[in-house]
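Participant: take a look and give me a structure for this.
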Amino acid sequence: MNHSHIKNLVGTGLCMALGLLLPQFFHAIGAGSVFLPMHIPVILCGLCFGWQYGLVCGVVTPLMSSVLTGMPPIFPVGLTMMFELAAYGALAGLLYRKINLNVYVALIVSMLGGRIVSGIASTIFYGVAGKEYGFQIFLAGAFVTALPGIILQIIIIPLMVIALEKSRVIAQPVRLSA
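Facilitator: The predicted structure follows:
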């Protein structure tokens with residue numbers, strides 16, 4: 001096992017731990033569903049360590065949170081979040097580390113892609129659960145209620161990635177010259 005793989009595994013574990021702790025703080029002040037605290041470490045994991053690590057972090061973190069804290073409830077919310085966060089982590093890493101998009105572009109596209117996955121998963125799982133779910137509920141939850149969290153993510157995540165790269169805690173993606 002090489003040094004970078006170990007660093008990526010440790011970083012992913014740290015992101016998972018943050019994904020368990022941050023929601024506890026935000027929910028304590030009643031701001032969990034508004035600021036989307038579990039999303040931040042998952043997206044950060046993908047951007048910092050790559051799509052595979054972001055995918056695993058996105059699947060495991062809401063599952064562990066559900067098992068350890070009861071939040072989110074495993075079905076349908078937790079299962080939906082597993083798909084949504086897996087998409088965020090995987091897309092962020094793929095777009096930033098593999099396709100070499102700018103960190104802001106990779107972040108915004110992954111946020112949109114994750115929300116599309118969330119809408120599809122919610123339609124399926126809420127339907128199976130016999131709960132009401134439709135396009136207006138999707139828009140309200142994914143964009144209106146979540147707007148403060150979206151703004152926070154767009155501000156804080158790129159700054160964290162750039163700071164970690166400049167301090168050489170994580171490697172900068174290899175950019176292809178034109």
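
Participant: other residues contacting the helix or strand of the chain with the lowest mean pLDDT?
Facilitator: Among the secondary structure pieces of the chain, namely its helices and strands, helix 32-35 has the lowest mean (mean pLDDT, DSSP states H and E), a mean of 83. Around helix 32-35, the neighbours that count as contacts under Cβ atoms under 8 Å, 6 or more residues apart in numbering are 23, 26, 71, 145, 146, 148, 149, 152. (Each C-beta comes from the backbone N, C-alpha and C, glycine too.)

Participant: before we move on, what about stretch 157-165?
Facilitator: By Cβ under 8 Å, 6+ apart, the list of residues contacting stretch 157-165 from outside reads 40, 43, 44, 47, 48, 96, 103, 104, 107, 170, 171, 172.

Participant: what average pLDDT does it get?
Facilitator: Per-residue confidence for stretch 157-165 averages out to 98 on the pLDDT scale.

Participant: helices along the chain, start to end?
Facilitator: The residue ranges that make up the helices of the chain, judged by DSSP state H, are 3-28, 32-35, 39-49, 51-69, 79-93, 103-128, 135-139, 147-166.

Participant: most packed of the ones you listed?
Facilitator: With neighbours defined as mean count of other Cβ atoms under 10 Å, the helices of the chain peak in mean count at helix 39-49, which reaches a mean of 29.

Participant: and it, C-alpha only, in CSV?
Facilitator: Listed in CSV are the C-alpha atoms of helix 39-49, where the atom choice follows Å, rounded to 0.1, in the frame of the first residue of the first chain:
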residue,chain,number,x,y,z
HIS,A,39,-22.9,17.2,2.5
ILE,A,40,-19.8,19.3,3.2
PRO,A,41,-17.4,16.5,4.3
VAL,A,42,-18.6,14.1,1.6
ILE,A,43,-18.1,16.6,-1.3
LEU,A,44,-14.8,17.7,0.3
CYS,A,45,-13.8,14.0,0.3
GLY,A,46,-14.4,13.6,-3.4
LEU,A,47,-12.6,16.8,-4.3
CYS,A,48,-9.6,16.0,-2.1
PHE,A,49,-9.2,12.3,-2.5
